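Trainee: Sequence plus the predicted model coming up.
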Amino acid sequence: MLEQRIQQHFIDSADLKYQASQSLSKPIAAAVQAVLACVTSGGKVLACGNGGSAADAQHFAAEFVGRFERERPELGAIALTTDSSILTAVGNDYDFERIFSKQVRALGQAGDVLLAISTSGNSANVLAAIAAAHEREMTVVALSGRGGGKMNAALRDTDVHICVPHERTARIQEVHILALHCICDGVDAQLLGDQEPQS
Ligand SMILES: O=C(CO)[C@@H](O)[C@H](O)[C@H](O)[C@H](O)COP(=O)(O)O
Ligand SMILES: [Zn+2]
């Protein structure tokens with residue numbers, strides 16, 4: 001029955017979030033510190049991912065540049081998923097694998113953060129962006145699932161890896177957006193104090 005199926009999605013999502021709150025709070029806190037160190041020293045976050053993760057990259061950039069829940073100074077973030085001219089030119093003239101890495105090389109500076117989002121950890125264009133970020137002496141905050149895939153080998157010890165302990169893309173994405181909201185909230189709490197939001 002359809003309603004039961006829907007209820008099962010809610011239960012599975014809530015179960016995973018409850019379970020992952022223990023294991024992911026540490027890497028998410030590390031991500032807050034990495035992003036905070038970046039933006040307080042004049043750096044910016046470059047965010048990338050495919051499909052639903054592209055939407056997550058844009059969602060995060062909007063909350064950094066605009067606001068999350070409280071008023072605060074604007075924070076630098078750019079989603080690398082939005083400029084259709086760059087995406088089509090690089091995809092057409094080179095290959096799809098380079099759509100993010102060429103933007104990272106063009107825009108990234110030492111001290112910036114790359115937010116690399118892939119539920120499988122295996123998207124070639126996200127992996128290429130990670131390699132480009134390392135070339136630019138950027139720290140990588142990676143969001144993955146399914147054991148982390150090829151991201152495990154691509155990341156350095158100084159990077160942060162938030163790997164959702166689940167196999168299903170939709171469930172992993174649901175935890176990714178929660179993790180991104182935790183990062184926004186954590187940065188705001190460090191910058192403004194930890195009082196509850198007004199609305
Ligand atoms: O949102 C969904 C599925 O829920 C899809 O659009 C999904 O994001 C796409 O298939 C992506 O290409 C998957 O890439 P990745 O997460 O494995 O890096
Ligand atoms: Zn989706």
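Mentor: That came through fine. Ligands and ions are numbered 1, 2, ... in the order given.
Trainee: was I right about Gly49 contacting Ser123?
Mentor: Yes. In this structure, Gly49 is within contact of Ser123 by CB atoms under 8 Å, at 7.5 Å. C-beta: built from backbone N, CA, C; applies to glycine.
Trainee: the strands in the protein, which residues?
Mentor: 45-49, 77-79, 113-117, 139-145, 160-164 (DSSP state E).
Trainee: nearest to Pro27, of these?
Mentor: Distance to Pro27, taken as CB to CB, is lowest for strand 160-164 among the strands of the chain, at 4.6 Å.
Trainee: what residues does the closest one touch?
Mentor: 16, 20, 24, 27-28, 30-31, 34, 119, 121, 139-145, 147-148, 151-152, 155, 171-172, 175-176, 179 (CB atoms under 8 Å, 6 or more residues apart in numbering).
Trainee: about what we covered before: Gly49 and Ser123: who's more crowded?
Mentor: Per other CB atoms under 10 Å, whichever of Gly49 and Ser123 has more neighbours is Gly49, with 28 against 25.
Trainee: That one and Asn125, how far apart?
Mentor: Counting by CB to CB, to the nearest Å, the gap from Gly49 to Asn125 is 9 Å.
Trainee: and what of Leu107?
Mentor: Leu107 is 16 Å from Asn125, by CB to CB.
Trainee: do the same with Ala133
Mentor: 13 Å.
Trainee: JSON lines for the strands of the chain, including mean pLDDT and distance to Gly66?
Mentor: Listed next are these as JSON lines, based on pLDDT from 0 to 100; distance: least, CB to CB, whole Å:
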{"stretch": "strand 45-49", "mean pLDDT": "98", "distance to Gly66": "14"}
{"stretch": "strand 77-79", "mean pLDDT": "98", "distance to Gly66": "10"}
{"stretch": "strand 113-117", "mean pLDDT": "99", "distance to Gly66": "16"}
{"stretch": "strand 139-145", "mean pLDDT": "98", "distance to Gly66": "20"}
{"stretch": "strand 160-164", "mean pLDDT": "98", "distance to Gly66": "23"}
